[in-house]
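Visitor: following is a predicted model, sequence given first.
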Amino acid sequence: MLKPKNIDEYIAQYPEEIRKILTGVRRIIKENVPSETEEKISYGIPTFFFKKNLVHFGAYKNHIGFYPTSSGMRAFANEISAYKHSKGAVQFPISQPIPYSLIAKIVKFRVKEIQNSMPKKTN
């Protein structure tokens, strides 16, 4: 596979079944981030950047990897426990329905976390 320059190129290189899932993940993320959030490729996978890396996702042979950082993983430990996971990533099997509502909740959490970590503007 060629190195994609953007998320569209990344998604386009996969078979239709996987493209549909990746497009769904991307749509859910976009629906839950501020308008100034950027899309880019980082670490070779789709990344949403809002003041800093917000979340990453990617396709693999048997799963979709979702990377909400360790804080996102800790905050949703109970919901994520049903899936194979590590400190900073969760694997959603392609053979099972993708939990888009969980992805949305995690993305909203990460947005608030980043917003709350930024210094408040004073007049």
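Guide: Thanks, I have the structure now. Residues are numbered from 1 along each chain as shown.
Visitor: from here on, just use CA atoms for contacts and neighbour counts.
Guide: OK.
Visitor: mean confidence score for stretch 95-102?
Guide: The average pLDDT for stretch 95-102 rounds to 97.
Visitor: what's it in contact with?
Guide: With contacts defined as Cα atoms under 8 Å, 6 or more residues apart in numbering, stretch 95-102 is touched by 21, 24-25, 28, 62-63, 79, 92.
Visitor: repeat that for stretch 6-14.
Guide: 1, 3-4, 19, 22-23, 39-41, 45-46.
Visitor: now tabulate those residues in TSV and tack on neighbour count, distance to V33 and pLDDT.
Guide: Output for the contacts of stretch 6-14, formatted as TSV (neighbours: other Cα atoms under 10 Å; distance: Cα to Cα, whole Å; pLDDT from 0 to 100):
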residue	neighbour count	distance to V33	pLDDT
M1	6	29	58
K3	11	26	89
P4	17	23	93
R19	17	21	97
L22	22	17	98
T23	15	16	98
E39	18	11	98
K40	19	14	97
I41	19	17	97
I45	18	18	96
P46	26	15	98
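Visitor: which of those residues fall in strands?
Guide: Judged by DSSP state E, strands contain the following of the contacts of stretch 6-14: 39-41, 45-46.
Visitor: gap between G44 and N6?
Guide: In this view, G44 and N6 are 10 Å apart by Cα to Cα, to the nearest Å.
Visitor: okay, now the residue nearest to T69 when sequence neighbours are not counted: neighbour count?
Guide: Closest residue to T69 apart from its sequence neighbours, by Cα to Cα, 6 or more residues apart in numbering: G88 at 4.6 Å. Using other Cα atoms under 10 Å, G88 is surrounded by 14 other residues.
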